[in-house]
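J.: For reference, the sequence and a predicted model appear below.
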Amino acid sequence: MVVVIIVVIVVLVVMLGTWAAYNTLVKKRNRTQEAWSEIDVELKRRHDLIPNLVSTVEGYASHERGTFEAVTAARANAVSAGATGDPAKIAPAEDALSGALRSLFAVAENYPQLRAVESFVQLQETLTATEDKIEYARRYYNTSARDYNISLQTFPRNLIAGWFHFTAVAFFGADDADRAVPEVKFPGSDAAGTTAPPGPPPATGEQGPPSAT
């Protein structure tokens, strides 16, 4: 009888431990997917702003066709990469788009009359604010992904992860320097940027990113 009681207790402890570990993994995975969705929203907003920005600058520098075509192509590549949901593909595509935008803003700096164009100023401010949000969302996502991946690799959760097919996620590894949008500072204008919004709270953690293998 004592043996039976001990066996029952052990089974209950194992079941409770499995239940707790499973729920923890689910929460951290969901938090990671939520964090990724925030990045996805801001990247799409970024992509939506670019055609109007190109069109506005093109009206004052129509001969800079090579720059406009480069930005348009980089945007198309970023949109295609975004459709995969894979951070490993999205990060370099977004870096390339940032580089193309630098060239576009370099062109804009050669046309000071743009500082009087309200639509350009608004687009630049909105893009800058969007880039700030992307950076905060990226940090939030990477923190959540790190905590989730650590949980997958530590005992005994690694056993639970294998049983229930939890898999690691990739980091969104864009370089800070490449993510930065170049500031456009015109003489006598304060349109170079806006104050960054407060970031999301630290996370201990599908439209989510695919599993990293």
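T.: Looks like it came in fine. Numbers count the residues shown, from 1 in each chain.

J.: need the longest helix for this structure.
T.: Among the segments of the chain that qualify as a helix by DSSP state H, the longest is helix 2-58.

J.: Show me how far that helix is from its chain's centre.
T.: Average the C-alpha atoms of helix 2-58, do the same for its chain, and the two points are 15 Å apart (C-alpha atoms, centre = their mean, to the nearest Å).

J.: For that helix, which helices and strands make contact with it?
T.: Contact partners of helix 2-58 among helices and strands, from 3 or more C-beta pairs under 8 Å, 6 or more residues apart in numbering; DSSP states H and E: helix 65-84, helix 87-109, helix 118-153, helix 157-163. For glycine as for every other residue, the C-beta is placed from the backbone atoms N, C-alpha and C.

J.: Reformat those as a markdown table; add distance to residue 2.
T.: Written out in a markdown table, the entries for the helices and strands packed on helix 2-58 read as follows (distance: least, C-beta to C-beta, whole Å):
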| stretch | distance to residue 2 |
| --- | --- |
| helix 65-84 | 58 |
| helix 87-109 | 54 |
| helix 118-153 | 36 |
| helix 157-163 | 28 |
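
J.: any chance of those in TSV, with mean neighbour count, distance to residue 20 and mean pLDDT too?
T.: Rendered in TSV, the data for those read as follows (neighbours: other C-beta atoms under 10 Å; distance: least, C-beta to C-beta, whole Å; pLDDT from 0 to 100):
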stretch	mean neighbour count	distance to residue 20	mean pLDDT
helix 65-84	16	34	93
helix 87-109	20	29	90
helix 118-153	20	12	91
helix 157-163	16	9	86
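
J.: right, and these - which one's nearest residue 46?
T.: If you check each of those against residue 46 by C-beta to C-beta, helix 118-153 wins as the nearest, at 5.1 Å.

J.: which helices and strands sit right next to that closest one?
T.: Contact partners of helix 118-153 among helices and strands, from 3+ C-beta pairs under 8 Å, 6+ apart: helix 2-58, helix 87-109, helix 157-163, helix 176-179.

J.: Mind putting these into a markdown table with distance to residue 143?
T.: Putting the helices and strands packed on helix 118-153 into a markdown table (distance: least, C-beta to C-beta, whole Å) gives the following:
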| stretch | distance to residue 143 |
| --- | --- |
| helix 2-58 | 8 |
| helix 87-109 | 14 |
| helix 157-163 | 18 |
| helix 176-179 | 15 |
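
J.: Just give me the residue right at the centre of this protein.
T.: residue 39 (3.4 Å; C-alpha atoms, centre = their mean).

J.: Please tell me I have it right and that one contacts residue 137.
T.: Yes: taking contacts as C-beta atoms under 8 Å, residue 39 lies within contact range of residue 137: 4.5 Å.

J.: how close does the closest residue to residue 84 other than its chain neighbours sit to residue 157?
T.: Across the structure, with C-beta to C-beta, 6 or more residues apart in numbering as the measure, the residue nearest residue 84 apart from its sequence neighbours is residue 90 (7.2 Å). According to C-beta to C-beta, to the nearest Å, residue 90 stands 28 Å off from residue 157.

J.: Right, I'll call it a day here.
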